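*Asks:* turn this into a structure:
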Amino acid sequence: MSVQHNAVSNQVLKPEGRAEEHANIVVFVHLAFNKNAALWRKARAEGRLVGINDETPYGYGRAETMGCTIKFPTRQKMGYLVKTVRLALRGIFGFDIIHSWLSRNEFRDADIIWTHTESQFLSVAATLLLTKQKTKLLGQVVWLMDRWEHLSIFHKWLYRKLIARVDILTFLSSENYKKAQTLFPTATLKIVPFGIPSEVKRPVKIFAGNKINVLAMGNDMHRDWKTLTMAVAGNQQIKLTILSSSAPKHLAQDAININIRAAKNNDEFFDELNNADIVCVPLKPNLHASGITVIQEAVLSGIPVIATNTGGLDLYFSEDEIAYVPAGDALALQAALQDLLQNPAAARKRAIAAQARMADAENYGAQAYIARHVAISQNLLKK
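*Replies:* Just a heads-up that it's a prediction; the model follows:
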């Protein structure tokens, strides 16, 4: 199902889902240590930031056009001793408390703090509690729900205490959201669908032939490379390219039609997209919409998508827009690829429908993603 028809859609498109014209909010965007705005822009300009990316980290700078003042952390200089302590504490707690502690004065000057993952909002919450600051905090959950059952008793206790300091928890996935409802029944939860820059779209490809180039990308721990390689190994009609630094190279050892490597730069990434007839996103069961960035990149590039039906991806695209297969089912994935060979018109129809959805900038893409952050912040600060 799409965002508009999903059972939890009322948590996505409530009135606070639209930003007012003038927000007048000072926002501090606390990101991972290596994701500050200067490093992001430099990597993007040099082509080292692979994928379709905004000029500011994850598009948060777009809030400036919505009336906000956006501040990003500066990269702090650390001596050897501080670095050692920082890494040790990060290993103990599971978040970077030193990084957020060094930004504590900047927290004080903001109306609200936005974070991109639980690693940041847990560290910010700890800093706010230690300094007794009242700055509002928006905490975006990504992997925490998947990892929760594997956490120690100490970490579960600590994280619950810190989550109680977070004003609103946001989720990219309806599955994450539903699990959080049971774990944190008193917390305020909102679904904020993730989006990449969607202003530029390429025409949907017309596939015709008896061979296909399949492209798979990503480094997420929930990519199911084994099932994908099982589905295509030895098939002379399929050439598979996997762009990943985490995919095991041995999966391609005995398969001449499979190539596994990491993309060296953004030019190589786009070259592979241009050559692809289909993008495949194979996934292990997860709760955090793993693969949604790659799916959106493929859709904007006019390429049909096959994805594992897990993680709440149906919040973003329906089965009329991308082809879904069950998790861990190599035969179903093989059949979906074969269907493309036999019925390319149907695949193209889905790709056109998926791209039409991405054209709805009010609900999809980076602009909508940031607008929801602004709107939620406005409503929170009014209370």
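*Asks:* check what pLDDT residue 83 gets.
*Replies:* In this model, residue 83 is scored at 89, pLDDT.
*Asks:* tell me the SS of it?
*Replies:* Here residue 83 is recorded as helix under DSSP: H, G, I helix; E, B strand; the rest coil.
*Asks:* quickly note the distance from residue 57 to residue 370.
*Replies:* Applying CB to CB, to the nearest Å, the value for residue 57 to residue 370 is 11 Å. Backbone N, C-alpha and C define where each C-beta goes, glycine included.
*Asks:* neighbour-wise, which of those two wins?
*Replies:* Counted by other CB atoms under 10 Å, residue 57 and residue 370 do not tie: residue 370 has more neighbours, with 27 against 21.
*Asks:* residues in contact with the more buried one?
*Replies:* 59-60, 62-63, 66 (CB atoms under 8 Å, 6 or more residues apart in numbering).
*Asks:* I'd like to know how far it sits from residue 61.
*Replies:* Relative to residue 61, and taking CB to CB, residue 370 is found at 8 Å.
*Asks:* buried sites along stretch 95-110?
*Replies:* 95-103, 106-107, 110 (16 or more other CB atoms under 10 Å).
*Asks:* cool, stretch 233-253 as well?
*Replies:* So for stretch 233-253, counting by 16+ other CB under 10 Å, buried means 233, 235, 238-244, 247, 251-252.
*Asks:* what's in contact with it?
*Replies:* Contacts of stretch 233-253 (CB under 8 Å, 6+ apart): 210-221, 223, 225-226, 228-229, 232, 254-255, 257-263, 268-269, 272, 275-276, 280, 334, 337, 341.
*Asks:* doesn't residue 274 make contact with residue 298?
*Replies:* No. Using CB atoms under 8 Å, residue 298 is not in contact with residue 274; the gap is 11.8 Å.
*Asks:* what secondary structure does residue 194 sit in?
*Replies:* Taking three-state DSSP, the label given to residue 194 is coil.
*Asks:* which other helices and strands contact the helix or strand where residue 338 lies?
*Replies:* Following DSSP states H and E, one finds residue 338 within helix 330-342. Secondary-structure packing of helix 330-342 (3 or more CB pairs under 8 Å, 6 or more residues apart in numbering; DSSP states H and E): strand 212-217, helix 225-232, strand 278-281, strand 305-308, strand 323-325, helix 344-358.
*Asks:* let me see the mean pLDDT of the third one.
*Replies:* Mean pLDDT, strand 278-281: 97.
*Asks:* going forward, count from 35.
*Replies:* All right, first residue 35 from here; so that's strand 312-315.
*Asks:* from the chain's centroid, how far away is that strand?
*Replies:* Offset of strand 312-315 from its chain centre (CA atoms, centre = their mean, to the nearest Å): 17 Å.
*Asks:* who's in contact with the following helix or strand past that strand?
*Replies:* Sequence-wise, the next helix or strand downstream of strand 312-315 (DSSP H and E) is helix 326-334. Helix 326-334 is contacted from outside by 85-86, 206, 228-230, 232, 234-236, 249, 251-252, 307, 310, 313, 315, 338-339, 341, 345, 347, 350-351, 355-356, 385, 388-389, 391-392, 399, using CB under 8 Å, 6+ apart.
*Asks:* are any of these buried, and which?
*Replies:* 85-86, 206, 228-230, 232, 249, 251-252, 307, 310, 313, 315, 338-339, 341, 345, 347, 350-351, 355-356, 385, 388-389, 391-392, 399.
*Asks:* re earlier: now the buried residues of stretch 267-287 as a markdown table including pLDDT?
*Replies:* Below are the buried residues of stretch 267-287 laid out as a markdown table (pLDDT from 0 to 100):
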| residue | pLDDT |
| --- | --- |
| 267 | 92 |
| 269 | 92 |
| 272 | 95 |
| 273 | 96 |
| 274 | 97 |
| 275 | 97 |
| 276 | 97 |
| 277 | 97 |
| 278 | 96 |
| 281 | 95 |
| 285 | 94 |
| 286 | 92 |
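*Asks:* check contacts around residue 213.
*Replies:* Counting by CB under 8 Å, 6+ apart, residue 213 has contacts 179, 182, 321.
*Asks:* thought the second one was touching residue 189?
*Replies:* Translated: residue 182. No. When contacts are counted by CB under 8 Å, residue 182 is not listed as touching residue 189 (9.3 Å).
*Asks:* any idea how far the residue nearest the centre of the chain lies from residue 297?
*Replies:* Most central in the chain under CA atoms, centre = their mean is residue 327, positioned 5.5 Å from the mean C-alpha point. Shown here: residue 327 relative to residue 297, a distance of 14 Å by CB to CB.
*Asks:* go on, residue 213?
*Replies:* Distance from residue 213 to residue 297, by CB to CB: 32 Å.
*Asks:* how near is residue 130 to residue 200?
*Replies:* 16 Å.
*Asks:* same check, this time on residue 313
*Replies:* 35 Å.
*Asks:* buried subset of the contacts of residue 213?
*Replies:* If we count by 16+ other CB under 10 Å, the contacts of residue 213 have these buried: 179, 321.
*Asks:* ok so residue 214 is a helix residue?
*Replies:* Yes. Judged by three-state DSSP, residue 214 forms part of a helix.
*Asks:* roughly how far apart are it and residue 222?
*Replies:* The value you get for residue 214 to residue 222, if CB to CB is used, is 11 Å.
*Asks:* what is the mean pLDDT for the strand or helix carrying residue 192?
*Replies:* Per DSSP H and E, residue 192 falls inside helix 187-197. The predicted model assigns helix 187-197 a mean pLDDT of 98.
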